[in-house]
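S.K.: With the sequence up front, the predicted model follows.
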Amino acid sequence: MTHLLSDELLAGLRERAADNDRDNAFFVEDLADLQAVGYLAAMVPAAFGGAGLTLRETAHEQARMAAHAPATALAVNMHHVWVGVGRYLHERGDSSLDWLLEEAASGEVFGFGYSEPGNDLVLLGSRTEARPDGAGGYSFHGTKIFTSNSPAWTRLGVLGLDSSGGGHPGRGREPRLVHAFVTRDGGGFEILDDWDTIGMRASQSRSTVLDGAHAPADRVLRLLPPGPSLDPYVLGIFTSFEVLLASVYAGIADRALELAVEAAGKRTSMKTGKAYSQDPDVRRRIADMALAQDSVWLQLDGITRDLDASASDPTLDRGAGWFRATAGLKVRVTEAAREVVDQAIRVAGGSTYFNRSELGRLYRDVLAGIFHPSSDDAAHATVAQSLLGPLE
């Protein structure tokens, strides 16, 4: 397993995490440290100037980071998702995002501008209007939410709907979902200062109002019908997003377990005079936490290993089954992480209710997992469809 993040670097992230959370501040110093060691190019293939880490190796690195600075890990995650998509396509003979791999290696920072208020279709539809420019490009008009890396992204992946009926020669007059990238220096957007949340504060995942942000033709990657799609671009987004997101919450739970073990050894019962590590109820809670985490990592390792290998071994490619596999993974891991953190707080006691407590911060951070797609309801719908077929 290759590690790009040294223990010293991670310790610095942890040291700053509490201050960034308290001040609701972006992780400026963390980002500088990560760029200095080439971490934003972790998954970029060596041929493009990156470190060439696999998805599995990157998931482990993201979990290690999340155990030290969850909000930093979550925001960096969105950059890694795009690099993961580029790698996914490249390994399958599609060079349409090779430019992204090259730009990630050269220092560009990618943001994820897909989520919208009230849009539970996510990748299957959009409230954002994509207006054709007549030359194959598009301008985008709409509001995106949870745009991680808002203060730092230089390239933003966006999704909009072209309902004009004449946006692209040869594509017919049906509406098309437009997947594209806009640049920060291209303008046409406003980033709102509206990120005042109870957790994941340093991610600064602010709302972004698109009002003419333009993607030229060579940055328009897909024009797809609304609704489900097996296009490799969509599969690459979905699988990279779900897996890397799960890794962040697995890392939070790893740290919560570590802190619970420490607390059990330090706290002493007045009733028995013994450390809480000798209390049968505490021991059972910690054992439950460990059993849950053992299962989490078996799942993460198994799915990422198959995703990595499926590029060269068609027998491992699950096709549409990847939606079920990775949506289920995300939900199981985030729910397990919430339970692990909750149990850790019960072990550590009332001190975790204070803002100065790291476990208290993890309790606030881990809650964000339920808001990321796929939601619990969406994952259940995906699994039900895989077994029962679509609703009639």
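M.R.: Received the coordinates, thanks.
S.K.: Centroid-nearest residue for this protein?
M.R.: With distances taken as CA atoms, centre = their mean, the residue of the chain nearest its centroid is Leu245 (3.7 Å).
S.K.: tell me the domain ranges of this protein?
M.R.: The chain breaks down by automatic domain parsing into domains covering 7-109, 111-224, 232-388.
S.K.: can I get those domains in TSV with distance to Met1 and mean pLDDT?
M.R.: Backbone N, C-alpha and C define where each C-beta goes, glycine included. Listed next are the domains of the chain as TSV, based on distance: least, CB to CB, whole Å; pLDDT from 0 to 100:
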stretch	distance to Met1	mean pLDDT
domain 7-109	6	98
domain 111-224	26	94
domain 232-388	10	96
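S.K.: Now Phe181: closest residue in space, sequence neighbours ignored.
M.R.: Nearest residue to Phe181 in three dimensions, chain neighbours excluded: Arg219, at 4.5 Å (CB to CB, 6 or more residues apart in numbering).
S.K.: So what's the residue count around the one you found?
M.R.: Look at Arg219: counted by other CB atoms under 10 Å, it has 21 neighbours.
S.K.: For it, list the residues it contacts.
M.R.: Gly137, Ala180, Phe181, Val182 (CB atoms under 8 Å, 6 or more residues apart in numbering).
S.K.: Report how many residues lie close to the first one.
M.R.: Looking back up the chat, that one is Gly137. 19.
S.K.: What residues does it make contact with?
M.R.: Taking CB under 8 Å, 6+ apart as the test, what Gly137 contacts is Ala180, His214, Ala215, Pro216, Ala217, Arg219, Val220.
S.K.: now do 6 Å
M.R.: Neighbour list for Gly137: Ala215, Pro216, Ala217 [criterion: CB atoms under 6 Å, 6 or more residues apart in numbering].
S.K.: what's the answer for the third one, then?
M.R.: Residues counted as contacts of Phe181 (CB under 6 Å, 6+ apart) are Arg155, Gly157, Ala215, Arg219.
S.K.: out of these, who has the most neighbours?
M.R.: Busiest of these [other CB under 10 Å] is Ala215, holding 27 neighbours.
S.K.: Which residue is the nearest non-sequential neighbour of that residue?
M.R.: Ala180 (3.6 Å).
S.K.: likewise Gly142?
M.R.: Among residues not flanking Gly142 along the chain, Thr128 sits closest, at 2.9 Å (CB to CB, 6+ apart).
S.K.: Show me which residues of the helix or strand encompassing Leu329 are buried.
M.R.: Per DSSP states H and E: Leu329 is located in helix 321-348. For helix 321-348, a neighbour-count test (16 or more other CB atoms under 10 Å) marks 322-334, 336-341, 343-345, 347-348 as buried.
S.K.: need the contacts of Gly137 in TSV with secondary structure, can you?
M.R.: Output for the contacts of Gly137, formatted as TSV (DSSP: H, G, I helix; E, B strand; the rest coil):
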residue	secondary structure
Ala215	strand
Pro216	coil
Ala217	helix
